[in-house]
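Engineer: Would you be able to build a 3D model of this:
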Amino acid sequence: MTDATAAAPTAARPHYSDGYKRLVLILLVVAYTLNFIDRTIIATIGQAIKVDLKITDTQLGLLGGLYFALLYTLLGIPIARFAERFSRVNIITGAIVIWSGFTALCGTAANFVTLAAYRFGVGVGEAGLSPPAHSLISDYFERNKRASALAVYSFGIPLGSMLGAVIGGQMLDHFTWRTAFMLVGLPGVAIAILLKLLVKEPPRGHSEPEPHPSLAEDVSPDAPARAPYSLSAEFKEIGAVVATLFGKWPVLNMVLGVTLVSFAGYGGGQFAPPYFLRTFHLSYGEVGLITGLVAGLSQGIGTLAGGFLTDRLSKFGARWYALVPAIGVAAAYPFIVGVYTASTWQTAAMFLLLPGLLSYVYLGPTFGVVQNMVPTHRRATATAILFFFLNLIALGGGPPFAGWVIDHFSAFHYAHPDQGGLWAAVSHFFQSDPGAFQAACPGGAAPKGAPAEAAAACSGALVLGTRHGILVAYAVSLWAAFHYLLGSFGLKQALAQARVERGEDAND
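Structural biologist: Residues are numbered from 1 along each chain as shown. Okay, here's the model as predicted:
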């Protein structure tokens, strides 16, 4: 359905009950959960892939990051432009089928190159979910409930990460990493069918406080049709959104904040399960339960709390949309240090409860601000451009960066077993030789039949390298917190101006 074909007088606009809106939101959360299971399960099963295919941590980071993120980010904007004109429900259902199929195909990969190609395919499909989903949610839920609704949708991130970790770990305890890919890819087809059958395409701007004559749904059937598609008009729309996201000081800083905290989270999180495996020698199932249930529970609570808390605090000032993430992200890092310096897995798991609870409050407020800063007909585009910038840098760069750092730190600690400190590894970073470490310890382990001393040297260096690499990756989140703090200045005025430009009351 296009906007033009949806034209109807304002009085004929449909009414959606609260129960139906909750159903729509639940289905979108399930879709986003599957999205993140398929995206992040590689973090849990990555150690098995590393050992089986004899790859480095840098290559493992590329599989979890850039090789997924490249087409995911590049296709997000054109898909979003389609979503501004055509049925968002159809786009979402088609996207789910594509990424689910490629996830299953990952289980058939015989080598690193084939697996990388299938990860590109997963990215192609997943590009079609969040931009139209954010637009749908914004049309179903009013402005003062939007951060909460988007936080509920974003609950799919920790829920998917949690289920991916738990399912992936259990699969590896009983089957193989190939089976894990195949089994998590199949359920997507069922949710695609349910979305197609149950979710209706709402009129654009349906939840706004006043009708907007520029929207096709609000004009009479006799009014002139919307201007036909043109490439110059598309670039003009994209340029207008870019100007909003990157040309307004508070919004720019919130975009930088979400990008940097995601860079830290994707980078450090990619190697959290391998760290527990390498350091505490637990089973895949045990690691999946620890990193899935413990971290996933706290991240889920933090995600929901961030949206609802911010919607409440915003009554005392719009600055809280930026201050809540600034405080939460900064407060989380000391506990992250506690996780990755703990001497036992039990202590590490206890500390793991807190970082997600604090840092994940950033999702709902950030997405809410982005949606509230743009007109209704640019909301999918705003999400796509935000995700383009965010994921190309954060998802594309975070895991490879963390893997690259771990490879260098591991090489240093292998060559200098008497220098176990983080500062020593940092100060000699570019003097280390990851190639030599990979040759001595292919896949991070000593060759089969090597003496016990060689195995211990490889294992010890890999543990220290992973610990220090994760701490460096997560430290980027402190930079993110600073940008959120900067974003709190002038945010109230920016949001008020956006309401005026949409024809709404600035004080509403």
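Engineer: Please make it C-alpha for all contacts and neighbour counts, starting now.
Structural biologist: OK.
Engineer: so where's this protein shaky on pLDDT?
Structural biologist: 1-14, 207-230, 504-508 (pLDDT under 70).
Engineer: So which residue is dead centre in it?
Structural biologist: I157 (6.4 Å; Cα atoms, centre = their mean).
Engineer: Which elements pack onto the helix or strand it falls within?
Structural biologist: Secondary structure from DSSP states H and E places I157 in helix 156-174. Counting contacts by 3 or more Cα pairs under 8 Å, 6 or more residues apart in numbering; DSSP states H and E, helix 156-174 packs against helix 18-53, helix 177-185, helix 284-289, helix 295-313.
Engineer: Kindly reformat these as a markdown table and extend each row with mean neighbour count and distance to N111.
Structural biologist: Shown next, in a markdown table, are the helices and strands packed on helix 156-174 (neighbours: other Cα atoms under 10 Å; distance: least, Cα to Cα, whole Å):
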| stretch | mean neighbour count | distance to N111 |
| --- | --- | --- |
| helix 18-53 | 21 | 6 |
| helix 177-185 | 22 | 12 |
| helix 284-289 | 24 | 22 |
| helix 295-313 | 24 | 31 |
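Engineer: among these, which is nearest L150?
Structural biologist: Minimum separation from L150 across the helices and strands packed on helix 156-174 (Cα to Cα) falls at helix 295-313, 7.4 Å.
Engineer: buried sites along the helix holding I157?
Structural biologist: For helix 156-174, the neighbour count (16 or more other Cα atoms under 10 Å) marks 156-172 as buried.
Engineer: follow-up on the earlier one: export the helices and strands packed on helix 156-174 as a markdown table, with columns for distance to L60.
Structural biologist: Putting those into a markdown table (distance: least, Cα to Cα, whole Å) gives the following:
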| stretch | distance to L60 |
| --- | --- |
| helix 18-53 | 7 |
| helix 177-185 | 14 |
| helix 284-289 | 17 |
| helix 295-313 | 21 |
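Engineer: Isn't the residue nearest to the centre of the chain up against L34?
Structural biologist: No: between I157 and L34 there is no contact under Cα atoms under 8 Å: 9.2 Å.
Engineer: A436 - how many residues pack around it?
Structural biologist: Neighbour count for A436, taken as other Cα atoms under 10 Å: 13.
Engineer: Could you shift the numbering so residue one becomes 594, and keep it that way?
Structural biologist: From this message on, residue numbering opens at 594, which makes the last subject A1029.
Engineer: Can you say which helix or strand has the closest residue to it other than its chain neighbours in it?
Structural biologist: Distance criterion Cα to Cα, 6 or more residues apart in numbering; nearest residue to A1029, sequence neighbours excluded, is A1004 at 7.3 Å. Element membership of A1004, judged by DSSP H and E, is helix 972-1008.
Engineer: Pull the contacting residues for P1035.
Structural biologist: 647-649 (Cα atoms under 8 Å, 6 or more residues apart in numbering).
Engineer: Looking at those residues, state which has the most neighbours.
Structural biologist: Ranking those using other Cα under 10 Å puts T649 first, with 23 neighbours.
Engineer: shouldn't that one be in contact with K643?
Structural biologist: Yes: proximity of T649 to K643 meets the contact threshold set by Cα under 8 Å, at 6.7 Å.
Engineer: intersection of neighbour lists for those two?
Structural biologist: Contact criterion Cα under 8 Å, 6+ apart; residues bridging T649 and K643 by contacting each: G1036.
Engineer: How about residues contacting stretch 873-881?
Structural biologist: Under Cα under 8 Å, 6+ apart, the answer for stretch 873-881 is 637-638, 758-766, 866, 869-870, 937-938.
Engineer: If we use 7 Å, what do you get?
Structural biologist: 637, 758-759, 761-763, 765-766, 866, 869-870, 938 (Cα atoms under 7 Å, 6 or more residues apart in numbering).
Engineer: Mind putting the residues you listed into CSV with distance to L1078?
Structural biologist: Formatted as CSV, those follow (distance: Cα to Cα, whole Å):
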residue, distance to L1078
T637, 33
A758, 32
V759, 35
G761, 37
G762, 38
Q763, 41
L765, 42
D766, 44
P866, 31
F869, 33
L870, 36
W938, 34
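Engineer: returning to that earlier point: mind listing residues that contact the following helix or strand past the helix holding A1004?
Structural biologist: Next in sequence after helix 972-1008, counting helices and strands by DSSP H and E, comes helix 1015-1020. Helix 1015-1020 is contacted from outside by 1002, 1005, 1061, using Cα under 7 Å, 6+ apart.
Engineer: What about the first one, how many residues nearby?
Structural biologist: Going back to what we said before, that points to F1002. 32.
Engineer: Could you do the last one as well?
Structural biologist: For H1061, the tally of surrounding residues (other Cα under 10 Å) stands at 25.
Engineer: next one: the second one
Structural biologist: Summarising burial for F1005: neighbours were counted as other Cα under 10 Å, giving 28.
Engineer: In this structure it contacts G1028, no?
Structural biologist: No: in this structure, F1005 is not within contact of G1028 by Cα atoms under 7 Å, at 11.2 Å.
Engineer: just to revisit the earlier point, from E1046, how far out is the residue nearest to the centre of the chain?
Structural biologist: Using Cα to Cα, to the nearest Å, one gets 42 Å for the distance from I750 to E1046.
Engineer: What of A1089?
Structural biologist: 66 Å.
Engineer: Ok, A865 next?
Structural biologist: Following Cα to Cα, the distance that separates A865 from E1046 is 26 Å.
Engineer: more crowded one of those two?
Structural biologist: Using other Cα under 10 Å as the criterion, A865 and E1046 rank with A865 on top: 20 against 10.
Engineer: list the contacts for that one?
Structural biologist: Per Cα under 7 Å, 6+ apart, neighbours of A865: none.
Engineer: if I look at it, how far off is K908?
Structural biologist: Using Cα to Cα, A865 is found at 38 Å from K908.
Engineer: L668 too?
Structural biologist: 37 Å.
Engineer: and what of L947?
Structural biologist: Counting by Cα to Cα, the gap from L947 to K908 is 27 Å.
Engineer: Who has more neighbours out of these two?
Structural biologist: L947 (23 against 11).
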